[in-house]
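S.K.: Coordinates for the following, if possible.
(one chain, ligands or ions: 1)
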Amino acid sequence: MSVADCRSVDYCLSGEPVRLPASGHSPGTAHRSPSETADAGRVHSLGVLAYKTGKGKSVNLRLIIHRILEDYALPFHGDHGVSHWARVLENGRRLTEQTGANLTVVSLFALFHDSRRINECTDHDHGRRGADFAAEQRGHEFDISDHEFKLLYRACEGHTHERTHEDITIQTCWDSDRLDLGRVGITPHPSKLCTEVAKTKEMIQWADARASFSVVPEFVLDDWGIEIPKQRIW
Ligand SMILES: [Fe+2]
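M.R.: Below is the predicted model of the structure:
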């Protein structure tokens, strides 16, 4: 693993979360414009989502993912590892543009939901462990409101064994994960998805193509400083 010293970089930005292009990434193609990569001299990028909320709370995905990887039990390039989390993050942000879900919760879900897996197959309790790990890191690696954390915990805890939920943010979290099933040869089916936007043919095809080809978003290397081996280990 090639991991830069993320703690030497100040990504604690102020203002609104990063505005994403509607179309997301295409494999191997950079989509950043100057307005997406810089805001009044600050670093903004698709993979960082580092900002302080109006209440002074902050989220820095780069710091969080490096904390997760410090004692992640599985290969970081495995089926439930970094590239999956990155695609779930992209799926979630794309869905959020239309569902109106809480982007901070959706982004944190992408990183934490599989963070405490102990195997790549059946691991019934990994959602709750991921939720508990997020609880441990809250106040250290990130800070969000009580309401946001309640949503994050429920989303992580129930993401594998619950069909849907009344809350749109939790629905968006679960859809963002399920849309990446193509990485293990499963095409997402609308009946297993929660939000109307996730059920659309366009969304399923977009996400499934990226999952099926194990696309690694460019921000994984560029912003997170993590190099995924080109030759995947199966
Ligand atoms: Fe997942």
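
S.K.: contacts, neighbours, all on C-alpha from now
M.R.: Fine.

S.K.: got a list of contacts for the longest helix along the chain?
M.R.: In the chain, taking DSSP state H as the definition, the longest helix is helix 82-99. Applying CA atoms under 8 Å, 6 or more residues apart in numbering, the external contacts of helix 82-99 come out as 20, 22-24, 47, 76-77, 102-103, 106-107, 110-111, 168-169, 172-173, 175-177, 179-180, 195, 197-198, 207, 210-211, 214-217, 220, 228.

S.K.: Narrow the residues you listed to just the buried residues.
M.R.: Applying 16 or more other CA atoms under 10 Å to these, the neighbour count classes 20, 24, 47, 76-77, 102-103, 106-107, 110-111, 168-169, 172-173, 175-177, 179-180, 195, 197-198, 207, 210-211, 214-217, 220, 228 as buried.

S.K.: Show me where this structure has its strands.
M.R.: For the chain, applying DSSP state E gives strands covering 38-39, 42-43, 51-52, 58-59.

S.K.: now the second one: mean pLDDT?
M.R.: Taken as a whole, strand 42-43 has a mean pLDDT of 32.

S.K.: And for the last one?
M.R.: Model confidence over strand 58-59 averages 76 on the pLDDT scale.

S.K.: What of the first one?
M.R.: Over the span of strand 38-39, the pLDDT mean works out to 32.

S.K.: mind starting the numbering at 409 from now?
M.R.: Okay, using 409 as the starting number, the last item reads as strand 446-447.

S.K.: what residues are up against the residue nearest to residue 535 when sequence neighbours are not counted?
M.R.: Closest residue to residue 535 apart from its sequence neighbours, by CA to CA, 6 or more residues apart in numbering: residue 565 at 4.3 Å. Neighbouring residues of residue 565 by CA under 8 Å, 6+ apart: 521, 534-539.

S.K.: could you redo the last one with a cut-off of 6 Å?
M.R.: Counting by CA atoms under 6 Å, 6 or more residues apart in numbering, residue 565 makes contact with 535-536, 539.

S.K.: Low-confidence bits of this protein, can you list those?
M.R.: 409-466, 639-642 (pLDDT under 70).

S.K.: just to revisit the earlier point, mark which of the contacts of helix 490-507 are part of helices, please.
M.R.: 511, 514-515, 518-519, 576-577, 580-581, 583-585, 615, 618-619, 628.

S.K.: chain center to the longest helix of the chain, what's the gap?
M.R.: Centroid separation between helix 490-507 and its chain, computed with CA atoms, centre = their mean, to the nearest Å, is 6 Å.
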